[in-house]
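**Student:** Next one to model:
(one chain, ligands or ions: 1)
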Amino acid sequence: MPEETIFSKIIRKEIPSEMLYQDDLVTAFRDINAQAPTHVLIVPNKLIPTTNEVSAADEQALGRLFIVAAKIAKEEGIAADGYRLIVNCNDHGGQEVFHLHMHLLGGRKLGRMLPQS
Ligand code: AMP
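**Tutor:** From the prediction side, this is the model:
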């Protein structure tokens, strides 16, 4: 079994978060260190450490991440101007919390996707 992260505790409401949405498959809450006016994390309730561990059994939950991202973007008033969805994986992707999550970022012009190198 993969090791639980703080996100499992947030999902179970054992530690506080600014939760925006929860259903049987996914949970969405505001990032504690917001990088944009809207910065929400949308996570499958099931612990999947990284995108390397996704399987066909996860299709519904992973699809739900996009459904909920679009719903929250509308609620936050950022849908028309646009936003960015990011899923980081492992070291080169800059992943810090090993419970797969989608970042929803918006509310300002985000600039280039990657810094030029
Ligand atoms: P990543 O680098 O893709 O793994 O992103 C992890 C994100 O989780 C970072 O943006 C953190 O600010 C965020 N984060 C870590 N702990 C918490 C927490 N307790 N509540 C909300 N967001 C958190």
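
**Student:** Might you enumerate the residues of the protein proximal to the ligand?
**Tutor:** Within reach of the ligand by Cβ under 6 Å from any ligand atom, the chain has these residues: Ile6, Ser17, Phe29, Asp31, Ile32, Asn33, Leu41, Asn88, Gly94, Gln95, Glu96, Val97. All C-beta atoms are positioned from the backbone trio N, CA, C, and that covers glycine.

**Student:** Out of those, which end up buried?
**Tutor:** Among the residues of the chain next to the ligand, those buried by neighbour count (16 or more other Cβ atoms under 10 Å) are Ser17, Phe29, Asp31, Leu41, Asn88, Gln95.

**Student:** What backbone torsions are found at the residue nearest the centre of the chain?
**Tutor:** Nearest to the geometric centre of the chain sits Met102, at 2.6 Å (Cα atoms, centre = their mean). The phi/psi pair for Met102 (degrees, to the nearest 10) reads phi -110, psi 130.
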